[in-house]
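Enquirer: Here is a sequence with its predicted model. Questions after.
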Amino acid sequence: MARDRSTPKQGGPRSAARLAAVQAFYQLLMAEQPNVDKVVAEYIEHRLGAEIEGDQYVNADAAMFEDILEGAWNRREEWRAIITTHLNKDWTMERIDKILIAVLSAGCYELASRIDVPTAVIINEYVDVTHGFYERAEASFVNGVLDRIAKELR
């Protein structure tokens, strides 16, 4: 049965961890002096599962959030190289929005390092995260790039 797109999908703690990792990665990309340890602490202490400006956030899996964020951030140059080689010839990293770089980097980390999670689950989760920020074209872009990367990494 198809999900009703008029209401957002409610994810569990692992889905919330992925979303938070993408948001935190983006925050680090935008920071003048990024510090992954500070951002991890900030999210775990003040954001995961918190109510912020009237919105109640799902209580994310903090260990998974930290693992994904640190793995994506600390190896970001490796992921950038992998992403670059799997883009269509008309695309460059400079052309991609930073939030999409965060999504793809987190996806790369999971595909390479979280062998406990099936490939289809990882790709679907990051497509869902992308839907939270963009329309269909960007989600299709993420799906295609992560699918090509998965064929290499797995």
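Expert: That came through fine. Everything numeric in this text was worked out from a predicted model, so none of it was measured.
Enquirer: what about E94, neighbour count?
Expert: 5 (other Cβ atoms under 10 Å). Every C-beta, even on glycine, is put in place using the N, C-alpha and C of the backbone.
Enquirer: and it, how far is that from V40?
Expert: 28 Å (Cβ to Cβ, to the nearest Å).
Enquirer: what do you get for G107?
Expert: Using Cβ to Cβ, we find G107 at a distance of 19 Å from V40.
Enquirer: Need the pLDDT of the nearest residue to A62 once chain neighbours are set aside.
Expert: Nearest non-adjacent residue to A62, counting by Cβ to Cβ, 6 or more residues apart in numbering: I44, 5.1 Å away. pLDDT, I44: 93.
Enquirer: can you pull the contacts of P13?
Expert: P13 makes contact with V58, N59, A60, D61, M64, according to Cβ atoms under 8 Å, 6 or more residues apart in numbering.
Enquirer: quick one: which of G107 and V40 has more around it?
Expert: Ranked by neighbour count (other Cβ under 10 Å), G107 and V40 place G107 first, with 29 against 19.
Enquirer: From what I see, the more buried one and N124 are in contact.
Expert: No - counting by Cβ atoms under 8 Å, G107 does not reach N124; the two are 10.5 Å apart.
Enquirer: end to end, how far does stretch 127-137 reach?
Expert: 11 Å (Cα to Cα, to the nearest Å).
Enquirer: Report the secondary structure state of V121.
Expert: helix (DSSP: H, G, I helix; E, B strand; the rest coil).
Enquirer: and it, how many neighbours does it have?
Expert: With other Cβ under 10 Å as criterion, V121 counts 13.
Enquirer: next structured bit after the helix or strand hosting L19?
Expert: Element membership for L19 (DSSP states H and E) is helix 13-30. Elements were assigned by DSSP H and E; along the chain past helix 13-30, the next helix or strand is helix 36-42.
Enquirer: hmm, who's touching that following helix?
Expert: Contacts of helix 36-42 (Cβ under 8 Å, 6+ apart): A24, Q27, L28, F65, E66, L69, E70, W73, N74.
Enquirer: Name the nearest of the residues you listed relative to I99.
Expert: Nearest to I99 among these is Q27, at 10.5 Å by Cβ to Cβ.
Enquirer: List the contacts of the closest one.
Expert: For Q27, the contacting residues are V39, by Cβ under 8 Å, 6+ apart.
Enquirer: separation between A137 and L100?
Expert: When Cβ to Cβ is the yardstick, A137 and L100 sit 11 Å from each other.
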